[in-house]
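In: how does the following fold in three dimensions:
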Amino acid sequence: MGVPELPEVETTVRGLTPVLAGQRLTNVEPRRADLRKAIPVDLRQRMTGATVTTLRRRAKYGMIDTDRGDTLIFHLGMSGRWRVDPAEPLAHDHLLIETAAGRHLALNDPRRFGFLDLVETAALEAYAPFAAMGPEPLGPDFTGAYLHEALKGRIAPIKAMLLDQRIVAGLGNIYVCEALHVARIAPTRAAGQIAPARLERLAVAVREVLLAAIEAGGSTLRDYARPDGELGYFSKQFLVYGREGEPCHCGGTVRRRVDSGRSTFYCPTCQRS
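Out: Model (predicted):
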């Protein structure tokens with residue numbers, strides 16, 4: 001798996017919420033100076049003693065808001081996961097959190113491709129990774145009509161457009177492959193040539209695929225684990241992803257192609273155009 005995708009991050013946020021929401025943080029301890037980038041030097045000072053007000057997600061980023069007007073932003077990178085009430089710290093636990101209720105959290109990231117940042121909550125919309133993002137695929141603004149306007153005149157393949165965070169926030173390779181299959185749209189189809197009715201079907205498919213993955217607890221292909229240690233199982237339900245050479249439900253055969261270094265899984269029989 002590449003980075004944990006939107007359902008994995010959503011599942012993580014939902015798993016952390018009952019542990020952190022409304023809790024005062026009695027100790028917040030970064031255990032190294034950096035992950036993919038430097039950890040803010042004042043993170044311990046600003047977070048210790050604060051009370052968590054809400055937890056939420058933007059695209060593939062998790063956010064922990066506090067009553068001090070700060071938001072801790074985390075990205076899980078390629079191997080990051082939160083461990084809840086671990087028996088003891090592990091070598092790759094890079095952030096430790098303790099609450100007044102006696103709960104313990106550890107952000108574990110062996111490959112260190114994730115990152116932590118601390119931003120004033122009021123300034124989140126201007127935060128560089130968020131500023132140019134498109135709408136949330138599970139939000140009310142992501143519709144077939146929106147896609148029709150956003151993709152008008154675009155000759156790039158629809159798969160590439162769905163992976164563009166400026167078009168829609170947080171979609172990744174796995175779920176784009178799955179959604180295009182559900183909508184019966186070829187991943188190579190020029191985005192601007194898809195009829196509005198089919199784009200509406202695609203928007204619905206994106207939502208259905210993501211919600212199914214969230215309900216299942218996120219996909220587990222390699223390193224991802226839910227905060228409570230339970231592994232997701234949506235990977236067993238994939239229609240095309242990772243199933244090259246296997247039969248499609250339509251009677252065709254799932255194929256794989258490589259586009260810009262990413263594997264694309266599709267069925268040429270039911271995704272003809």
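
In: helices of the protein, residue ranges please.
Out: 6-20, 43-47, 128-131, 144-151, 158-163, 173-183, 196-216 (DSSP state H).

In: tell me which of the ones you listed is the most buried.
Out: helix 173-183 (a mean of 24; mean count of other CB atoms under 10 Å). Bear in mind the C-beta positions are built from the backbone N, C-alpha and C, glycine included.

In: tell me what that helix is packed against?
Out: helix 158-163, helix 196-216, strand 262-266 (3 or more CB pairs under 8 Å, 6 or more residues apart in numbering; DSSP states H and E).

In: turn those into TSV, columns for distance to I39.
Out: Output for the helices and strands packed on helix 173-183, formatted as TSV (distance: least, CB to CB, whole Å):
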stretch	distance to I39
helix 158-163	28
helix 196-216	28
strand 262-266	30
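
In: figure out which of the ones you listed is closest to T99.
Out: For the helices and strands packed on helix 173-183, the distance to T99 is smallest for helix 196-216, at 25.0 Å, taking CB to CB.

In: any idea of the mean pLDDT for the closest one?
Out: Mean pLDDT, helix 196-216: 95.

In: and it, what does it pack onto?
Out: Using 3+ CB pairs under 8 Å, 6+ apart, helix 196-216 is in contact with helix 6-20, helix 144-151, helix 173-183.

In: and the last one, average pLDDT?
Out: The average of the pLDDT scores along helix 173-183 is 97.

In: that one vs strand 262-266, what angle?
Out: Interaxial angle, helix 173-183 versus strand 262-266 (axes from the mean of the first three to the mean of the last three CA atoms, to 10 degrees): 20 degrees.

In: same deal with the shortest one?
Out: In terms of direction (the same axes, to 10 degrees), helix 144-151 departs from strand 262-266 by 140 degrees.

In: and helix 144-151, what does it pack onto?
Out: Packed next to helix 144-151, using 3+ CB pairs under 8 Å, 6+ apart, are helix 158-163, helix 196-216.
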